[in-house]
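# my questions are about this predicted structure, shown below with the sequence.
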Amino acid sequence: MTNLPQTLSEALDQAKEATQQAIRAGKTRLLIELVIPELKVQPIAWDFLPALTSIYGSGLKVFFPDAGAAALARRDWGAVEFQIQDIGNGRTPIDGKVEPTDEAFLLVEPSPVEVLLVEKLCQIAGDRPCIMLNPKLEDVSIVGIGYAARQLRDRFLSTLESSYYFRPIDDCTVLRAYPGQWLVWRADQIIAELPEKPVGETLEQILKGGGATETPPSFKPAGVIAGLQRFFRALSS
């Protein structure tokens, strides 16, 4: 069972370990999601990178959604052993940005606008890991709700594996670290444990009154969720 992290550093450590476990298990299309509106993703990506460079070194390639975000990372990060690219500037086809020497890809906050390019990148990558940090690939207003959108979900979005997920919701938190179950915490208690991500009515019912399915570690302090939310807001301001 995954303990509820008390700090952002602990959450990132969990995400690193879970993602490395998923890679060792042969998973190649991975999601890391810290669903916190105030969180700035570039510093999170920088802190996460050692978990991948320790495996792939210069064989890692980092993608940002556009040329501006990629340029900002190059400026802030300085000299690095890996390449920094953008997914969707339109000048260079995505297949021209994937090289035989690339061993793994980190995609930082790809949006629904780039979803088809991300899908193509994953196809070109083959069995090389594509790790997506805080992706926003499924926006109904862009991806849509019709037949084409269902096809996209069936052929691509449904193939993505969550290696780490952390989402505070009011006084609860949804948490998953590969290869564990999906957990819903309320303060110091697990109120649900599921094999699949709780969404929609399932999540709503759990938040309204789900009962604990497992006794969590006794050292968890009450009110930890509110404390975490304050911590993340302060860190990202």
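Looks like it arrived, so ask away.
# list of residues touching the top strand by length along the chain?
If you go by DSSP state E, the chain has its longest strand at strand 161-169. Strand 161-169 has contacts (C-beta atoms under 8 Å, 6 or more residues apart in numbering) with 5, 11, 14-15, 18-19, 21-22, 27, 29-36, 131, 173-178, 182, 197, 203, 207, 225, 228-229, 232. To be clear about C-beta, it is placed using only N, CA and C from the backbone, and glycine gets the same treatment.
# buried residues, that strand. List them.
Using 16 or more other C-beta atoms under 10 Å as the test for burial, strand 161-169 gives 162-168.
# list the contacts for residue 10?
Applying C-beta under 8 Å, 6+ apart to residue 10 gives no contacts.
# coming back round to it: would you turn the buried residues of strand 161-169 into CSV with pLDDT?
Output for the buried residues of strand 161-169, formatted as CSV (pLDDT from 0 to 100):
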residue, pLDDT
162, 96
163, 98
164, 98
165, 97
166, 97
167, 94
168, 93
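# closest one of these to residue 47?
Using C-beta to C-beta, residue 164 comes nearest to residue 47 of the buried residues of strand 161-169, at 13.2 Å.
# where in this structure is pLDDT low?
89-91, 138-150, 153, 210-237 (pLDDT under 70).
# swap in 80 and give it another go.
1, 88-92, 137-154, 209-237 (pLDDT under 80).
# what's the longest helix in it?
The residue-count maximum for a helix in the chain (DSSP state H) belongs to helix 8-24.
# just the helices in this protein please.
Secondary structure of the chain (DSSP H): helices located at 8-24, 41-48, 50-56, 67-77, 115-125, 140-143, 147-155, 200-209, 224-236.
# among the ones you listed, which is nearest residue 92?
The minimum distance between residue 92 and the helices of the chain falls on helix 67-77, with 10.2 Å, by C-beta to C-beta.
# so which elements touch that closest one?
helix 41-48, strand 60-64, strand 83-86 (3 or more C-beta pairs under 8 Å, 6 or more residues apart in numbering; DSSP states H and E).
# packed most tightly, which of these would that be?
Burial of the helices and strands packed on helix 67-77 is given as mean neighbour count (mean count of other C-beta atoms under 10 Å); strand 60-64 ranks first at a mean of 25.
# okay, now the sheet partners of it, with direction.
strand 83-86 (parallel), strand 104-108 (parallel) (DSSP bridges).
# adding distance to residue 119, write these out as a markdown table.
Formatted as a markdown table, these follow (distance: least, C-beta to C-beta, whole Å):
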| stretch | distance to residue 119 |
| --- | --- |
| strand 83-86 | 16 |
| strand 104-108 | 11 |
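# tell me which of these lies nearest to residue 53.
Of those, the one closest to residue 53 (C-beta to C-beta) turns out to be strand 104-108, at 9.7 Å.
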